[in-house]
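A.B. asks: just a sequence and a predicted model for now, questions to come.
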Amino acid sequence: MFGLAELNWGDTPKDQAAAKDFVLRVLDLALSRHRWEELTYEPPRAKGYLRTYRSMVEEFDPATAGGGTDVLPGPQEAAMASCVRHRVLDALPFWEGCVFCTAGV
């Protein structure tokens, strides 16, 4: 578990706003059920959790963050940690690979 203030949202107001906008857009995409048909199950509470998390991010002021060491990935990092086959971002180096590729391992 982590707090939003533990993330490094960027050094400038412009970077912080861009990072927050990115997170909100990702959450909106998830709330629209984008690619949910690829899941192997129906997540019954996912929409409620996503709405709650989106509200938390929306009300969060990145300027109050402590400048943590966990940095939101930039485009370069995200591109290097993408599974081309499944079109998802990997949590490298935290996981050993794509969550779908390694599901049966």
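C.D. replies: Structure received.
A.B. asks: G10 and A18 touch, don't they?
C.D. replies: Yes: under the criterion of CB atoms under 8 Å, G10 makes contact with A18 at 7.0 Å. Every C-beta, even on glycine, is put in place using the N, C-alpha and C of the backbone.
A.B. asks: pick out whichever of these two has more residues nearby.
C.D. replies: Comparing G10 with A18 by other CB atoms under 10 Å, the one with more neighbours is G10, at 20 against 16.
A.B. asks: checking the more buried one next. Helix, strand or coil?
C.D. replies: coil (DSSP: H, G, I helix; E, B strand; the rest coil).
A.B. asks: what residues does the nearest residue to it once chain neighbours are set aside make contact with?
C.D. replies: Nearest residue to G10, sequence neighbours excluded (CB to CB, 6 or more residues apart in numbering): Q16, at 4.8 Å. By CB atoms under 8 Å, 6 or more residues apart in numbering, the residues touching Q16 are W9, G10, P62, A63, A65.
A.B. asks: and L29, how many neighbours?
C.D. replies: 12.
A.B. asks: contacting residues around it?
C.D. replies: Not one residue lies near L29 by CB under 8 Å, 6+ apart.
A.B. asks: pLDDT below threshold where in the protein?
C.D. replies: Low-confidence segments of the chain (pLDDT under 70): 1-2, 67-81, 89-96, 104-105.
A.B. asks: let me see the domain layout of it.
C.D. replies: Under the assignment automatic domain parsing, the domains of the chain span 4-70, 73-105.
A.B. asks: list the buried residues in stretch 55-71.
C.D. replies: Within stretch 55-71, the residues that count as buried by 16 or more other CB atoms under 10 Å are F60, P62, A65.
A.B. asks: now T64: how far from P13?
C.D. replies: If you measure T64 against P13 using CB to CB, to the nearest Å, the figure is 12 Å.
A.B. asks: repeat that for V84.
C.D. replies: Distance of V84 to P13, given as CB to CB: 35 Å.
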